[in-house]
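# Could you look at this predicted model? Sequence included:
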Amino acid sequence: MGFASEFKEFAVKGNVMDLAVGVIIGGAFGKIVDSAVKDLIMPLVGKVVGGLDFSNYFVKLSATPADFKGPETYEALTKAGVPLFAYGNFLTILLNFIILAFVIFMMIKQINRLKRSTPAPAPEAPAAPPEDIVLLREIRDSLKR
């Protein structure tokens, strides 16, 4: 079997296709969680701790350049090349990860529960012995009488 045919067999196996589908769905699901954290959860957390935009919580690690004009937001300072200790952005991403990990945990837990509740398939009945074995057993049984 050649290299190309081996690779083709590997690439079209169910496991590789399942992995590809999982990665695509995971990427889309990650965007949903990103949006939920950024647009729903973090504004509430920011409101509780006294600020509206949690991603703008940072500490400048050096002075702002003299030619810098405009508001000192995370995006503007990052564009200007000012090093920042952006703990607000980090906390947003950390919360995003925790929510994503929790949702995946709950999904796996549910799948495992469904697998346990599904009855195991009944064991197959033993195959009938071949005809010659049946005939030999009949001969043996008749000789015992």
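Perfect, thanks for sending it.

# switch to C-alpha atoms for all contacts and neighbour counts from now on
Fine.

# And the contacts of the strand or helix carrying Glu9?
Using DSSP states H and E, Glu9 falls within helix 3-11. Contact with helix 3-11 is made by 16-17, as judged by CA atoms under 8 Å, 6 or more residues apart in numbering.

# Report the buried residues of the following helix or strand past it.
Toward the C-terminal end, the helix or strand that comes next after helix 3-11 (DSSP H and E) is helix 14-35. Neighbour-count burial for helix 14-35 flags 33-34 (criterion: 16 or more other CA atoms under 10 Å).

# Can you tell me what sits against helix 14-35?
10-11, 96, 99-100.

# What angle do helix 3-11 and it make with each other?
Put simply, helix 14-35 runs at 50 degrees to helix 3-11, going by axes from the mean of the first three to the mean of the last three CA atoms, to 10 degrees.

# Tabulate the CA atom coordinates of helix 14-35 in PDB.
C-alpha atoms of helix 14-35 as PDB (Å, rounded to 0.1, in the frame of the first residue of the first chain):
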ATOM      1  CA  GLY A  14     -14.500   8.400  11.000                       C
ATOM      2  CA  ASN A  15     -12.200   9.600  13.800                       C
ATOM      3  CA  VAL A  16     -10.600  12.300  11.600                       C
ATOM      4  CA  MET A  17     -13.900  13.500  10.300                       C
ATOM      5  CA  ASP A  18     -15.400  13.500  13.800                       C
ATOM      6  CA  LEU A  19     -12.400  15.500  15.000                       C
ATOM      7  CA  ALA A  20     -12.800  18.000  12.200                       C
ATOM      8  CA  VAL A  21     -16.500  18.500  13.000                       C
ATOM      9  CA  GLY A  22     -15.700  18.800  16.700                       C
ATOM     10  CA  VAL A  23     -13.100  21.500  16.000                       C
ATOM     11  CA  ILE A  24     -15.500  23.500  13.800                       C
ATOM     12  CA  ILE A  25     -18.400  23.300  16.300                       C
ATOM     13  CA  GLY A  26     -16.000  24.100  19.200                       C
ATOM     14  CA  GLY A  27     -14.900  27.200  17.400                       C
ATOM     15  CA  ALA A  28     -18.400  28.300  16.800                       C
ATOM     16  CA  PHE A  29     -19.300  27.500  20.400                       C
ATOM     17  CA  GLY A  30     -16.300  29.400  21.600                       C
ATOM     18  CA  LYS A  31     -17.500  32.500  19.900                       C
ATOM     19  CA  ILE A  32     -20.900  32.100  21.600                       C
ATOM     20  CA  VAL A  33     -19.200  31.900  25.000                       C
ATOM     21  CA  ASP A  34     -16.900  34.900  24.100                       C
ATOM     22  CA  SER A  35     -20.000  36.900  23.300                       C
END
